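Q: Sequence first, predicted model second:
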Amino acid sequence: MLVARFYAPGDIRLEQAPEPTVGPGQLKIAVANCSTCGTDVKISRHGHHHIDPPRVIGHEITGRISEIGEGVTGWAEGDRVQVIAAIPCGSCHECKAGRMPVCSRQQSMGYHYDGGFAESMIIPEAVLAVDGVNRVPDNIDMGEASLAEPLACVLNGQEIAGVSTGDTVVVMGAGPIGCLHVRLARARGAARVFLVDINRGRLDMSADVVRPDAAIAGEETDPVAEVLRLTGDRGADVVITAAASGRAQEDALRMVARGGRVSFFGGLPKDNPIIQLDSNLVHYREISIFGANGSSPAHNRRALELISSGAVPVADLITERMSLSDVHKAIETVAAGTAIKVTIQP
């Protein structure tokens, strides 16, 4: 079977590999879709400290069960499934307290275990142990279902930040995550949603699909001034930084309303994670700043429900479908920002 293995930064190889063998407590699936994201770009260029190469990467996974390991119940061959990416241990203090996204012993598909850029793969026992395999509803295709994983992360972030009915929300970053944030904010009752990006082409492409109330090109206008203008100088109730940008985080604190909430959703580069933060803005305006990291198995299930119900449509966000043999092209397309979402169909 064909797989895409990461060996080192700049070295992802398409290789033939033997079919994996299912073990006790495991499932084997024929991969239907594994969508790509910015993390795949970062891995391809810089590697990751949790990846011990060679490793099959890819973590936005759907497939059909082809074999069932000893001791696994409740599944049948042919079942359509979606697989979590972040695997909590289920037993640490954070997991027991309901904070699985910040599990101190978290593992991940495509990092600690071979991922979905393959024709077949094994779902490890650790995933099944935390109920991390979900049935794909009959009314959505497997490409749509693969977006449940990023939507689950978006759902976690908006729950933490408390996006709710009547809010004015700013989403900074018009990539696929930003598009999902716009759609989910609407589903949660936001009154207005503004989308900001410094790349005019990417902003226009995404805005044409998700239709924010305003699309703000950060290289052409001061996004802080524009958000203040659009809100009568009040600012936004919630600002979500869906981009790996320190400048976006700094601007978020200047455009959020008094008593507002800021979600640092996108992590910063490891070699440049420090921003300038005016602590007095936070203090005197009673601004709340939240982190957001990944998702839980329950978020993945709810994300599938949001997609299936039509509350958060995703089909039109998939603008490129490529074969596994085109994985290098897929990753470069994501890096160039010329597509909203690229999915691999082995």
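A: Alright, I've got the coordinates.
Q: For the stretch 1-150 of the chain, which segments are assigned as strands?
A: All strands of the stretch 1-150 of the chain, identified by DSSP state E, counting those that start in this stretch, fall at 2-8, 11-16, 27-35, 55-56, 60-68, 80-83, 86-87, 107-108, 120-123, 133-135.
Q: can I get those in TSV with distance to Ile274, mean pLDDT and mean neighbour count?
A: C-beta coordinates here come from the backbone N, C-alpha and C atoms, glycine included. Converted to TSV, these look like this (distance: least, CB to CB, whole Å; pLDDT from 0 to 100; neighbours: other CB atoms under 10 Å):
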stretch	distance to Ile274	mean pLDDT	mean neighbour count
strand 2-8	28	98	20
strand 11-16	30	97	14
strand 27-35	32	98	25
strand 55-56	30	98	22
strand 60-68	30	98	23
strand 80-83	35	98	25
strand 86-87	25	98	25
strand 107-108	26	97	17
strand 120-123	38	98	24
strand 133-135	38	98	20
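Q: want to throw those into JSON lines with distance to His49?
A: As requested, the strands of the stretch 1-150 of the chain are exported to JSON lines (distance: least, CB to CB, whole Å):
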{"stretch": "strand 2-8", "distance to His49": "13"}
{"stretch": "strand 11-16", "distance to His49": "17"}
{"stretch": "strand 27-35", "distance to His49": "22"}
{"stretch": "strand 55-56", "distance to His49": "12"}
{"stretch": "strand 60-68", "distance to His49": "21"}
{"stretch": "strand 80-83", "distance to His49": "23"}
{"stretch": "strand 86-87", "distance to His49": "15"}
{"stretch": "strand 107-108", "distance to His49": "12"}
{"stretch": "strand 120-123", "distance to His49": "23"}
{"stretch": "strand 133-135", "distance to His49": "27"}
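Q: right, and those strands - which one's nearest His46?
A: Nearest of the strands of the stretch 1-150 of the chain to His46, taken as CB to CB: strand 2-8 at 10.2 Å.
Q: Tell me which other helices or strands that closest one touches.
A: strand 11-16, strand 55-56 (3 or more CB pairs under 8 Å, 6 or more residues apart in numbering; DSSP states H and E).
Q: Throw the ones you listed into a markdown table and include distance to His328, thanks.
A: Shown next, in a markdown table, are these (distance: least, CB to CB, whole Å):
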| stretch | distance to His328 |
| --- | --- |
| strand 11-16 | 7 |
| strand 55-56 | 15 |
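Q: Out of the ones you listed, which is closest to Lys341?
A: Closest among the helices and strands packed on strand 2-8, using CB to CB: strand 11-16, at 19.5 Å.
Q: buried sites along the helix or strand bottoming out on mean pLDDT in the chain?
A: Ranked by mean pLDDT, DSSP states H and E, the weakest helix or strand in the chain is helix 38-46, scoring a mean of 93. Within helix 38-46, the residues that qualify as buried are 38-44, counting by 16 or more other CB atoms under 10 Å.
Q: likewise stretch 299-317?
A: 299-304, 306-308, 312-314, 317.
Q: For those residues, name the two members farthest from one another.
A: Arg301 and Leu317 (20.0 Å).
Q: what about the closest residue to Asn199 other than its chain neighbours, distance to Leu277?
A: Nearest residue to Asn199, sequence neighbours excluded (CB to CB, 6 or more residues apart in numbering): Gly337, at 5.9 Å. Distance, Gly337 to Leu277, by CB to CB, to the nearest Å: 28 Å.
Q: These two: which is more packed in?
A: Gly337 (18 against 12; other CB atoms under 10 Å).
Q: ok, that one to Val312 distance?
A: 22 Å.
Q: Could you do Gly25 as well?
A: For Gly25 relative to Val312 (CB to CB), the value is 33 Å.
Q: repeat for Ala339
A: For Ala339 relative to Val312 (CB to CB), the value is 19 Å.
Q: rewinding a little: which one of the buried residues of helix 38-46 is nearest Cys153?
A: Thr39 (10.5 Å).
Q: and Gln276, how many neighbours does it have?
A: By other CB under 10 Å, neighbour count at Gln276 equals 9.
Q: ok, and the closest non-adjacent residue to it?
A: Glu250 is the one closest to Gln276 (CB to CB, 6+ apart), at 6.0 Å.
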